[in-house]
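Asker: based on what follows, work out the 3D shape:
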Amino acid sequence: MDSQWLQGSIRHRRLYPVRHEFEYHTGMLALDTDEWNQVANVSPFFSLENFNWVSLKRKDYFQPEAGDLSEALRAHVETASGWRPDGAVELLTHPRYAGYVFNPVSFYFCYRAGESGANGDVPAVIVAQITNTPWNERHVYCLETTNSAPNAAGWRTERFEFTKRFHVSPFNAMAQHYEWTFSFRGPELRVHMNVLEEGKKHFDATLVVHRAPLTRKTLHKSLRQFPMEALKVAAGIYWHALKLKLKGAPFYTHPDKLADSDPVHRLGNTDQGVDVTSTDDSNKTRGKVSSWRT
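Answerer: Alright, predicted model coming up:
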């Protein structure tokens, strides 16, 4: 199979107005979406649309009403960028564990013909599907890469700067700006996000993972290490939210509940391809980003 398993770590750091930090190890699925109907064959503990230790359900991902996931992504990227993916479309996500799932973000890596994540190639387009909690709303950012050259250490890095258009956490204001960095080197992948407000970094998050073939042995080993990963993610969000509250972090109301006169009232709610790319990039070293409410 072209699908793979990712293992590594996630770190969150809140720097302002209160300090808070945590890091944990994790395992994730990198699914070639054309293998959706075959991937569960890797293990008797893996099912599609049914309860199992690990499972996938179509409703958890991009445009479930559109049917085939791969086709839905290809059509969306064509609408967003003018380019229809002619290579693999790879989903990076936590599957369901014991029937439960929560993914703050799932990434879809859209490759050129003949390229793939297994080869360490850089996707032409990255689609980031964000889900917030407790509202369980979804939003998509479509990021177009610049085909960056490798640096001296062999890393190919894609950078994006754009305006926030979706209320992710009640501890983050809407009037913020993102800096996202994706770095690729063979089987290694790094994703880093800075969250800035009025030019000052408030928060950052880093995902560092290493790719391995998706085999029964690899999956079962990871399940022993991370038996209930999705529950751990969700429980961790609320546990650290409590810690932030006790530390005195300010709480921000959902923009849909703000007064009509508020400048962030319903911000991003009707986005269907709004260009949110930072305009302060005269060297064109950063990719274009469009915003979509789904």
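Asker: in the stretch 101-250 of the chain, which spans are helices?
Answerer: Ranges of helices in the stretch 101-250 of the chain, per DSSP state H, counting those that start in this stretch, are 216-225, 229-247.
Asker: can I get the CA coordinates of the last one in CSV?
Answerer: C-alpha atoms of helix 229-247 as CSV (Å, rounded to 0.1, in the frame of the first residue of the first chain):
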residue,chain,number,x,y,z
GLU,A,229,-5.1,8.5,20.7
ALA,A,230,-8.3,10.4,19.7
LEU,A,231,-9.6,10.3,23.3
LYS,A,232,-6.2,11.5,24.6
VAL,A,233,-6.3,14.5,22.2
ALA,A,234,-9.8,15.6,23.2
ALA,A,235,-9.3,15.0,26.9
GLY,A,236,-6.0,16.9,26.7
ILE,A,237,-7.7,19.9,25.1
TYR,A,238,-10.2,20.3,28.0
TRP,A,239,-7.6,19.5,30.6
HIS,A,240,-5.2,22.2,29.4
ALA,A,241,-8.2,24.6,28.9
LEU,A,242,-8.9,24.2,32.6
LYS,A,243,-5.2,24.9,33.4
LEU,A,244,-5.3,28.0,31.2
LYS,A,245,-8.5,29.2,33.0
LEU,A,246,-6.9,28.8,36.4
LYS,A,247,-3.9,30.7,35.2
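Asker: against which helices or strands is that helix packed?
Answerer: Helix 229-247 sits against strand 20-32, strand 96-97, with contacts defined as 3 or more Cβ pairs under 8 Å, 6 or more residues apart in numbering; DSSP states H and E. Using the backbone N, CA and C atoms, a C-beta is placed for each residue, glycine as well.
Asker: can you list contacts of the shortest one?
Answerer: Identification of contacts with strand 96-97 by Cβ atoms under 8 Å, 6 or more residues apart in numbering yields 53, 54, 55, 56, 57, 60, 227, 228, 229, 230, 231.
Asker: and which of those is nearest to residue 265?
Answerer: Residue 265 lies nearest to residue 60 out of these, by Cβ to Cβ, at 29.4 Å.
Asker: now do the contacts for the closest one.
Answerer: Per Cβ under 8 Å, 6+ apart, neighbours of residue 60: 93, 96, 101, 103.
Asker: contacting residues for residue 43?
Answerer: By Cβ under 8 Å, 6+ apart, the neighbours of residue 43 are 54, 216, 219, 220.
Asker: identify the bridge partners of the closest residue to residue 126 other than its chain neighbours.
Answerer: With sequence-adjacent residues excluded and distances taken as Cβ to Cβ, 6 or more residues apart in numbering, residue 126 is closest to residue 143, at 4.4 Å. For residue 143, the beta-bridge partners are residue 126, residue 289 (DSSP bridges).
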